[in-house]
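Engineer: What would the 3D arrangement of this be:
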Amino acid sequence: MIDPGVLMRRAVRVACDDNGLAPDNLGILNSEAKTRFQDLCYAIQDDMRYNQLKYFRPFDHQIKFFATGTSDRRGILAANRIGKTVSTCYETACHLTGRYPTWWPEQARRFNKPVTVMVAGEGWSQVAMVLQNELLGTQDIKIADSIGTGMIPRECIKFETMRNDGANCLGVEIRHASGENSYLVFANYTQEVRQMQGFKLTLAVFDEQPPDDFFSEIVTRTATTQGQVLCSFTPLKGLNGLVSKFWNHEEGYNHIRVSWDDVPEYDPWGEPFLLNSTREQLERDYLPHERDARRNGVPVMGKGAVFQIRTWPTYKTGDFDFRNTTGIHRVIALDLGLVNDKTVISLMYYHPNEQEAWLHQQIVVKGTEEANPMNYINHLMRPEVFGTPIVLPADANTQGRYTMSADSIRELFERYELNVHPDAIRNPPDGEGRRTNHKSYGINVMRQMLELGTLHVNENCVEFLREAQNYYADEHGRFSDPDDCIDSARYALLGCLNGISEPFDGRSPKQRFRAARNQYAKYDNEQAKPEWKRSHNPAG
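Structural biologist: So this is what the prediction gives:
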């Protein structure tokens, strides 16, 4: 419910705007005109109390959000106190009622028939204090006089259909402009996911970041209705889950980011909104690692995030001339997977003297293609990389695990004369000469080099970047999944640190293939050839 004093000031503003009057000139009106003007303001105030939808005045960033209406998944990644929840609740009220303002953007979504909408927040108290209060006008549904003072006009709320649980509204029908009824459901993230099954939604609205399983179940409810999802959150939980989908512009996800710099000190009514003095005090109040999220809507890099990197050291193909740079080495590494897991091949360049590395290319083999090792052996046989040292993890020695034969991957690679390092890749020896396989060592080296800008990543390694930006460790030190691309790059980096990488000779693909061809041509009899190249002659 809006304070009556605020309502009256807004009513005066509406009356002045509708009649071409300046508030400062009201004093020149005669007594009769003043009385008529006062009556008009009281009438507008009464109408405004139970019809906020009609009198809503948006910020520029809110109009920008409404204009993203053609996307299936829409979000506001925003600073605190900029009206992000108001934005999603206003649009929700428009869709429920079918009432749209004259300024509604052409690109914005419209529903000309009733909709079923679910709005959800982190817990029932938060849902009542924020979403229920914003939409229905009250935190306690038992206070009937307040119902209708929110975004949904009182005349559109069908009181007799309201289902309550104490102070909380669970669901209610809303009159739509078509003459039929929409349905509004309230939910919270602590509910069991199975309780969300079995119904269809036209629109799902999330206030703050939902758990991944809750989000997945709810968006499934919109599948058969071609529905939409609206999200508003200050990204305090880091670059993970739903936030990462918006931040990385995954297909179907569209968002706007709103910082304090995008919001004026005064709202469209001319009332104080977020004064600079308030912003300065809030910045002093916030914890240092939270400030970027709370002030600029940038995902926090806090507890749990492995790679806390704002600007990733990426480069484009062609930015570095590896072929003509003196002292450049290179190595190939594989992280092996089965059918339900990826196999990832990484090509890394390394400058030992400068201790600088470039993750230049990753080839990701998935699904049924991965079941046949030839699908990635062919990549390793290409003339431009043939002869490059290859490092493998320990399970590459397991016979039959990845090959559909009695051979191990290592044995299969050796049959094709690939330059496979004889030992499984491990961490470099410590000060006492001990070698371990502890994953955290390679991850920490990778993290430090990324932070220093001495490990560069080709921007085409999109799956590596996606994994790394969403990579977390829990309180027990266990790393999150998936991390196949990260592990492949880690093995390549360990190959460099262990001195396994070899100089890149700078030859062109044509020259490299000719050398490979000559290598095969040196065999002048069948017995001298490797078994896989011998001719089959039963008469022998």
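
Engineer: helices and strands around the helix or strand hosting I332, which ones?
Structural biologist: Under the criterion of DSSP states H and E, I332 resides in strand 329-335. Using 3 or more C-beta pairs under 8 Å, 6 or more residues apart in numbering; DSSP states H and E as the contact test, the elements touching strand 329-335 are strand 343-351, strand 390-391, helix 484-497, strand 502-503. All C-beta spots, glycine's among them, are computed from the backbone N, C-alpha and C.

Engineer: Select, out of these, the one closest to L287.
Structural biologist: Within the helices and strands packed on strand 329-335, the stretch nearest L287 is helix 484-497; the backing value is 28.4 Å (C-beta to C-beta).

Engineer: Give the rounded mean pLDDT of the closest one.
Structural biologist: Helix 484-497 shows a mean pLDDT of 96 in the predicted model.

Engineer: and it, what other elements does it pack with?
Structural biologist: Packed against helix 484-497 by the contact rule (3+ C-beta pairs under 8 Å, 6+ apart) you find strand 329-335, strand 343-351, strand 356-365, strand 390-391, helix 439-452, helix 462-469.

Engineer: if you set the cut-off to 10 Å instead, what comes out?
Structural biologist: Based on contacts counted as 3 or more C-beta pairs under 10 Å, 6 or more residues apart in numbering; DSSP states H and E, the elements that helix 484-497 packs against are strand 329-335, strand 343-351, strand 356-365, strand 390-391, helix 439-452, strand 455-458, helix 462-469.

Engineer: Switch the ones you listed over to a markdown table; also include distance to I76.
Structural biologist: As requested, the helices and strands packed on helix 484-497 are arranged in a markdown table below (distance: least, C-beta to C-beta, whole Å):
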| stretch | distance to I76 |
| --- | --- |
| strand 329-335 | 37 |
| strand 343-351 | 35 |
| strand 356-365 | 32 |
| strand 390-391 | 45 |
| helix 439-452 | 29 |
| strand 455-458 | 29 |
| helix 462-469 | 20 |
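
Engineer: Tell me which of the ones you listed sits nearest to D72.
Structural biologist: Closest to D72 of the helices and strands packed on helix 484-497, according to C-beta to C-beta: helix 462-469, at 19.5 Å.

Engineer: What are the contacting residues of that closest one?
Structural biologist: Surrounding helix 462-469, the residues in contact under the criterion C-beta atoms under 10 Å, 6 or more residues apart in numbering are 238-240, 244-245, 247-248, 250, 299, 301, 305-307, 309, 312, 314, 342, 344, 346, 359, 362, 364, 443, 446-447, 450, 457-459, 461, 480-489.

Engineer: With stretch 270-279 instead?
Structural biologist: Everything outside stretch 270-279 that qualifies as a contact, by C-beta under 10 Å, 6+ apart, is 6, 9-10, 13, 23, 57, 59, 79-83, 260-261, 263-267, 281-282, 295.

Engineer: Leaving out the residues flanking it, which one is nearest to T138?
Structural biologist: If the residues on either side of it in the chain are set aside, T138 comes closest to S146, at 3.7 Å by C-beta to C-beta, 6 or more residues apart in numbering.

Engineer: mind listing what the residue lying closest to K342 once chain neighbours are set aside touches?
Structural biologist: With sequence-adjacent residues excluded and distances taken as C-beta to C-beta, 6+ apart, K342 is closest to D484, at 4.3 Å. For D484, the residues meeting the contact criterion (C-beta under 10 Å, 6+ apart) are 335-337, 341-344, 362, 364, 366, 463-464, 467.

Engineer: from those residues, which is closest to T325?
Structural biologist: Of all the contacts of D484, Q362 has the smallest distance to T325: 21.1 Å, by C-beta to C-beta.

Engineer: For D17, give me its contacts.
Structural biologist: Contacts were defined as C-beta under 10 Å, 6+ apart; by that measure D17 touches P23.

Engineer: in what helix or strand does it lie?
Structural biologist: Assigned by DSSP H and E, D17 belongs to helix 4-18.

Engineer: buried residues in that helix?
Structural biologist: Along helix 4-18, these residues count as buried under the neighbour rule (16 or more other C-beta atoms under 10 Å): L7, R9, R10, A11, V12, R13, V14, A15, C16.

Engineer: Could you export these to CSV, including columns for pLDDT?
Structural biologist: Output for the buried residues of helix 4-18, formatted as CSV (pLDDT from 0 to 100):
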residue, pLDDT
L7, 94
R9, 94
R10, 95
A11, 95
V12, 94
R13, 94
V14, 95
A15, 95
C16, 94
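
Engineer: Can you say which two of these are spatially most distant?
Structural biologist: Largest separation among the buried residues of helix 4-18 by C-beta to C-beta: L7 and C16, giving 15.0 Å.

Engineer: ok, the residue nearest to K342 to C94 distance?
Structural biologist: In this structure, D484 and C94 are separated by 44 Å, where distance is defined by C-beta to C-beta, to the nearest Å.

Engineer: And C41, by the same measure?
Structural biologist: In this structure, C41 and C94 are 26 Å apart, going by C-beta to C-beta.

Engineer: Make TSV out of the helices and strands packed on strand 329-335 and add distance to R74.
Structural biologist: Listed next are the helices and strands packed on strand 329-335 as TSV, based on distance: least, C-beta to C-beta, whole Å:
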stretch	distance to R74
strand 343-351	32
strand 390-391	44
helix 484-497	29
strand 502-503	50
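
Engineer: Quick one: residues contacting G327.
Structural biologist: G327 makes contacts with Y350, H351, P352, N353, E354, P503, F504, as judged by C-beta under 10 Å, 6+ apart.

Engineer: Narrow these to just the buried residues.
Structural biologist: Judged by neighbour count, with 16+ other C-beta under 10 Å as the criterion, the buried members of these are Y350, H351, F504.

Engineer: would you turn those residues into TSV with distance to Q226?
Structural biologist: As requested, the buried ones among the contacts of G327 are arranged in TSV below (distance: C-beta to C-beta, whole Å):
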residue	distance to Q226
Y350	50
H351	52
F504	52
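
Engineer: now, among those residues, which is nearest to Y416?
Structural biologist: Y416 has its nearest neighbour among these in F504, at 21.1 Å by C-beta to C-beta.

Engineer: Does the closest residue to Y416 other than its chain neighbours belong to a helix, a strand or coil?
Structural biologist: Spatial nearest neighbour of Y416, chain neighbours left out: I377 (6.0 Å); criterion: C-beta to C-beta, 6+ apart. Following DSSP: H, G, I helix; E, B strand; the rest coil, we place I377 in the helix state.

Engineer: how many neighbours does I377 have?
Structural biologist: 15 (other C-beta atoms under 10 Å).

Engineer: Contact partners for it?
Structural biologist: Taking C-beta under 10 Å, 6+ apart as the test, what I377 contacts is I409, L412, F413, R415, Y416, L418.

Engineer: just checking, what's the longest helix in this structure?
Structural biologist: Scanning the chain for the helix with the most residues, using DSSP state H, yields helix 31-49.

Engineer: what about dumping the CA coordinates of that helix to PDB?
Structural biologist: What follows is helix 31-49 as a C-alpha-only set of coordinates in PDB (Å, rounded to 0.1, in the frame of the first residue of the first chain):
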ATOM      1  CA  SER A  31     -10.900  30.200  -4.900                       C
ATOM      2  CA  GLU A  32     -13.500  28.400  -7.100                       C
ATOM      3  CA  ALA A  33     -10.900  27.000  -9.400                       C
ATOM      4  CA  LYS A  34      -8.800  25.800  -6.400                       C
ATOM      5  CA  THR A  35     -11.900  24.100  -4.900                       C
ATOM      6  CA  ARG A  36     -12.500  22.300  -8.200                       C
ATOM      7  CA  PHE A  37      -8.800  21.400  -8.500                       C
ATOM      8  CA  GLN A  38      -8.900  20.000  -5.000                       C
ATOM      9  CA  ASP A  39     -12.000  17.900  -5.700                       C
ATOM     10  CA  LEU A  40     -10.300  16.600  -8.900                       C
ATOM     11  CA  CYS A  41      -7.100  15.600  -6.900                       C
ATOM     12  CA  TYR A  42      -9.200  13.700  -4.300                       C
ATOM     13  CA  ALA A  43     -11.000  11.800  -7.100                       C
ATOM     14  CA  ILE A  44      -7.700  10.900  -8.700                       C
ATOM     15  CA  GLN A  45      -6.300   9.900  -5.300                       C
ATOM     16  CA  ASP A  46      -9.200   7.600  -4.700                       C
ATOM     17  CA  ASP A  47      -8.900   6.000  -8.200                       C
ATOM     18  CA  MET A  48      -5.200   5.700  -7.900                       C
ATOM     19  CA  ARG A  49      -5.300   3.900  -4.500                       C
END
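
Engineer: No further queries at this time; thank you.
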